[in-house]
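Student: Sequence first, predicted model second:
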Amino acid sequence: MAVQEILLLGNPKLYETSPPVKREELDFLREVVQDLHDTLMDFRSRYEAGRAIAAPQIEVMKRVIYMHIDKPVVFINPRIDQRSPEMIQIWDDCMSFPDLLVKVQRHKNCRIKYKDIEWKERAMILEGDLSELLQHECDHLDGVLAVSRAVDKYCFALKSQRRYLA
């Protein structure tokens with residue numbers, strides 16, 4: 001239970017699809033969740049950013065997302081089963097490339113189904129930036145990075161240049 005190294009852009013592990021968590025892995029998963037929490041909080045203190053992290057970002061190749069906004073939420077084996085036809089474009093950032101922004105297009109709303117840490121089936125309807133956030137994190141579980149979803153070849157910027165972005 002500690003801060004883990006975050007895999008950075010270019011690491012081939014980030015492009016792998018993670019297998020689902022099995023119920024018998026829940027004890028191991030509790031340690032992973034603590035590591036995800038510690039790593040997210042450390043990143044947040046250093047970069048003043050970070051709302052969620054996917055397990056593959058700390059080289060745990062399992063379908064787990066840890067989100068901490070108002071309170072912690074653990075998504076085990078999440079799947080987005082509904083997406084709005086309406087899309088939004090936003091400048092996305094990622095803990096795996098902390099100094100880079102990428103303009104992506106995502107569904108404005110979605111519904112995510114998942115199991116919680118007690119292995120209970122849950123669902124959450126997400127809108128706007130939370131919808132984008134969970135789509136981003138679910139992509140990590142499938143080995144897809146935001147840089148692969150860039151709107152076009154001009155949709156990359158350094159965070160230090162944020163003031164020039166539309």
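Tutor: Thanks, I have it. Residues are numbered from 1 along each chain as shown.
Student: Wait, a helix at V147?
Tutor: Yes - assigned with DSSP: H, G, I helix; E, B strand; the rest coil, V147 falls within a helix.
Student: doesn't L8 make contact with it?
Tutor: No - the criterion here is Cβ atoms under 8 Å, and V147 misses it with L8 at 11.8 Å. For every residue, glycine as well, the C-beta is placed using N, CA and C.
Student: more neighbours, those two?
Tutor: In this view V147 and L8 are compared by other Cβ atoms under 10 Å, and V147 has more residues nearby, 16 against 13.
Student: tell me, what's touching V147 and L8 both at once?
Tutor: F97 (Cβ atoms under 8 Å, 6 or more residues apart in numbering).
Student: just the helices in this protein please.
Tutor: 26-47, 128-141 (DSSP state H).
Student: Identify the residues contacting the shortest one?
Tutor: It refers to helix 128-141. Under the contact criterion Cβ under 8 Å, 6+ apart, helix 128-141 has outside partners 14, 17-18, 51-57, 63, 65, 67, 69, 75, 78-80, 84, 88, 90, 92, 94, 104, 106-110, 112, 124, 126, 145-146, 149.
Student: And that helix, how far out from the chain middle?
Tutor: 6 Å (Cα atoms, centre = their mean, to the nearest Å).
Student: any idea how far K108 is from the nearest residue to K113 once chain neighbours are set aside?
Tutor: Leaving aside its sequence neighbours, K113 sits nearest to A123 (Cβ to Cβ, 6 or more residues apart in numbering; 4.8 Å). To K108, A123 is 18 Å away according to Cβ to Cβ, to the nearest Å.
Student: More neighbours: which of these two?
Tutor: Between A123 and K108, counted using other Cβ under 10 Å, the more crowded position is K108 (15 against 10).
Student: Tell me the pLDDT of Y164.
Tutor: What the model reports for Y164 is a pLDDT of 81.
Student: Surely it touches W91?
Tutor: No - contact status for Y164 versus W91: not in contact, 11.2 Å apart, counting by Cβ under 8 Å.
Student: Next, show the common contact partners of the two.
Tutor: What both Y164 and W91 touch, as defined by Cβ under 8 Å, 6+ apart, is the set A157.
Student: neighbour count winner among these two?
Tutor: Using other Cβ under 10 Å, the more surrounded residue of Y164 and W91 is W91, with 16 against 8.
Student: Would you agree the more buried one is in contact with K159?
Tutor: No - using Cβ under 8 Å as the test, W91 is too far from K159 to be in contact (9.2 Å).
Student: middle-most residue in the protein, spatially?
Tutor: E137 (2.3 Å; Cα atoms, centre = their mean).
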